[in-house]
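J.: Structure of the sequence below:
(one chain, ligands or ions: 1)
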Amino acid sequence: MNQSSAYAESAERQALRAAVSDLAGSYGRDYFTRCARIGEKTTELWADVGKHGYLGVAVPEEYGGGGGGIGDLAAVCEELAAAGCPLLLMVVSPAICATVIARFGTEDQKRRWLPGFADGSRKMAFSITEPDAGSNAHNITTTARREGDSWVLGGRKTYISGVDESEAVLVVARCENARTGKLKPALFVVPTDADGFEWRPIEMDLVTPEKQFTLFFDDVRLPEDSLVGDENAGLLQLFAGLNPERIMAASFSTGLARFALERATEYVKTREVFGVPIGAHQAIAHPLAESTIEIELARLMTQKAAALYDAGDDMGAGEAANMAKYAAAEAACTVVDRAIQVHGGNGIASEYGLGNLLAVSRVGRIAPVSREMVLNFVAMHTLDLPKSY
Ligand SMILES: Cc1cc2nc3c(=O)[nH]c(=O)nc-3n(C[C@H](O)[C@H](O)[C@H](O)COP(=O)(O)OP(=O)(O)OC[C@H]3O[C@@H](n4cnc5c(N)ncnc54)[C@H](O)[C@@H]3O)c2cc1C
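T.: Numbering: from 1, shown residues only. Here you go, the predicted structure:
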């Protein structure tokens, strides 16, 4: 999908894509699925992507990054996935956590975390979801209270990715407001080895190197500087991190979609059943052509969302990022299903690397925000319809 005419990403962005694609291609889908199947992390790949500066493209230069924007990081994420190496934690550590800390952290927090996010040597998970607060994030009950010059954290989180490979988790909690008794959202960095913090793996029907966990905070005592940003500006800070999350999730999906489409296209050119390549039949060719259009539209919307975010338009980026995430997840689910179908029995054989993408692509419809909640958002904010929930 070359973009060489009137509309094109910058030459730098295109060069970044090509370089990441080459690097990811040297590892490839077989390496990635082998790691996932034997329960290993893709540590070498993550370190290599970090060493080349690709994890840190959006981290400010003074903290060891490339000084680019979320559009650059999203391009990295998409190219990795398109080469069969979708790195889920790219959505979290160098995107949400690095953005929130770069925008709202203290100088000390920035110096402590950003260089490690940029070169891939340090990871941070992100936790907002709770058993009774998934789509309805306003229901979170994990609570932080002040005790002298410490914070004390209590509560529970679920479906949190990558805790076992992270040094800390960025936790969305509510601050107990001693004066009014009201609760307010605020963000805390909690080390994974903190006293009182336990985490347990959730068994998932998802074969990926990254695992999901339930977290338990039992009076976890944290130093004062664990709070990121202002305890009174939590919602604003939170949303500043969630737009990059949606843009990255969209890129993850468009990358997966491109991978599946490429595999399908190659296959239908060579597989002959009734004396001609099956791609000669419109029943095979048209669905793949439709997916090509759906993927390209989703990519364009993702680039628009990233451009708005990088230009500082948080509100505009919110609408575009939701639309991009929706379009990308739908395109990915559809094309994975089509790619499997055109492979016949081979579509489910491990050798062809597509069957497991059914579950992986499906995640994009659920997380980080479900397709229904995106539709609610568009109905309410874009169409100005009454709030339906
Ligand atoms: C693989 C994976 C990794 C994840 N990683 C993380 C992570 O790292 N950090 C983190 O914080 N969270 C993570 N999550 C959690 C994810 O963000 C939530 O699963 C998601 O927000 C949905 O919440 P829920 O599962 O509680 O579903 P629910 O909120 O229970 O919703 C269930 C269904 O009801 C629908 N629904 C609910 N309300 C409405 C309504 N008003 N109108 C229409 N439909 C509605 C939803 O769309 C959904 O289809 C992860 C999830 C998965 C599957």
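
J.: and the helix ranked longest in the chain, which residues are buried?
T.: Criterion DSSP state H: the longest helix present in the chain is helix 234-270. Buried residues in helix 234-270, counting neighbours by 16 or more other CB atoms under 10 Å, are found at 234, 237-238, 240-261, 263-265, 267-268. For the C-beta atoms, the positions are set from N, CA and C on the backbone; glycine is no exception.

J.: ok, now stretch 20-36?
T.: Residues 20-21, 23-24, 27, 29, 31-33, 35-36 are the ones in stretch 20-36 that count as buried (16+ other CB under 10 Å).

J.: now that stretch: mean pLDDT?
T.: Regarding stretch 20-36, the rounded mean pLDDT is 97.

J.: Next, see if it gets close to the ligand.
T.: No: Stretch 20-36 does not reach the ligand (CB under 6 Å from any ligand atom); its nearest approach is 12.9 Å.

J.: Can you give me the neighbour number for the closest residue to the ligand within the stretch 201-350 of the chain?
T.: The minimum distance from the stretch 201-350 of the chain to the ligand, using CB to the nearest ligand atom, falls at Gln212 (5.2 Å). Residues contacting Gln212 under the criterion other CB atoms under 10 Å number 21.

J.: in terms of contact, does it touch Glu203 like I think?
T.: No: applying CB atoms under 8 Å, one finds Gln212 not in contact with Glu203, separated by 9.1 Å.

J.: those helices in the stretch 51-200 of the chain, which residues are they?
T.: Using DSSP state H, counting those that start in this stretch, the helices of the stretch 51-200 of the chain run over residues 70-82, 98-104, 107-119.

J.: Just the CA trace of the second one, in PDB.
T.: Coordinates of each C-alpha in helix 98-104 appear next as PDB, following Å, rounded to 0.1, in the frame of the first residue of the first chain:
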ATOM      1  CA  ALA A  98       4.900   7.300  28.600                       C
ATOM      2  CA  THR A  99       2.400   9.800  27.400                       C
ATOM      3  CA  VAL A 100       0.800  10.300  30.900                       C
ATOM      4  CA  ILE A 101       4.200  10.600  32.500                       C
ATOM      5  CA  ALA A 102       5.700  12.900  29.800                       C
ATOM      6  CA  ARG A 103       2.600  15.200  30.000                       C
ATOM      7  CA  PHE A 104       1.800  15.200  33.700                       C
END
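
J.: Low-confidence regions, the stretch 51-200 of the chain specifically.
T.: Scanning the stretch 51-200 of the chain for pLDDT under 70 picks out the ranges 178-183.

J.: Contact residues of it facing the ligand?
T.: 92, 126-129, 134-135, 159-161.

J.: any idea how far the most centrally placed residue in the chain lies from Ala367?
T.: In the chain, the centroid-proximal residue (CA atoms, centre = their mean) is Val91; its distance is 2.7 Å. In this view, Val91 and Ala367 are 9 Å apart by CB to CB, to the nearest Å.

J.: any residues in contact with both of these two?
T.: Residues within reach of Val91 and of Ala367 at once, by CB atoms under 8 Å, 6 or more residues apart in numbering, are Ala249.

J.: show me where the stretch 101-250 of the chain has strands.
T.: 124-127, 143-147, 150-161, 168-176, 183-191, 197-201, 212-223, 227-228 (DSSP state E, counting those that start in this stretch).
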